[in-house]
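Novice: For reference, the sequence and a predicted model appear below.
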Amino acid sequence: MYVHVTRDLDTGNILEVFITHGKTGNCAVCQLSALAVAITIGIRCGVDPALYADRLQGIKCPNQNFDPEKGKWILSCADGVGMVLKEALWETVDEIEEGEGP
């Protein structure tokens, strides 16, 4: 699974989320596409991305994977999306605190 977060170049705020999972049109691909659209629409309507990160993290499914780079279990696709959103939010905070952001 690949999650890409797009930011506003002026503010650093998250604008869109893209999620891809393989090349075939199976159910997981459709569900992840719908999740990305729902998150993006919510963000554009003023929903705090941190709310999505908090609510998605911890959702479990039978197909859990271990991420050796982070040393963490990814409990589901939704959990992975929540993790990426949380990381993206922390990157924004770090950039602003270091004076590198907008």
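Specialist: Looks like it arrived, so ask away.

Novice: Show me where this structure has its helices.
Specialist: 27-44, 49-56, 77-97 (DSSP state H).

Novice: List the contacts of the helix or strand of the chain with the lowest mean pLDDT.
Specialist: Least confident element among the helices and strands of the chain, by mean pLDDT, DSSP states H and E: helix 77-97 (a mean of 80). The contact list for helix 77-97 (CB atoms under 8 Å, 6 or more residues apart in numbering) reads 1, 3, 5, 7, 12-14, 17, 19, 21, 28, 31-32, 35-36, 39, 49-50, 52-61, 72, 74, 101-102. Using the backbone N, CA and C atoms, a C-beta is placed for each residue, glycine as well.

Novice: buried sites along that helix?
Specialist: 77-86, 88-89, 92 (16 or more other CB atoms under 10 Å).

Novice: that older thread, redo the helices of the chain as CSV? Include distance to residue 67.
Specialist: Below are these laid out as CSV (distance: least, CB to CB, whole Å):
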stretch, distance to residue 67
helix 27-44, 17
helix 49-56, 16
helix 77-97, 8
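
Novice: nearest to residue 66, of those helices?
Specialist: helix 77-97 (11.8 Å; CB to CB).
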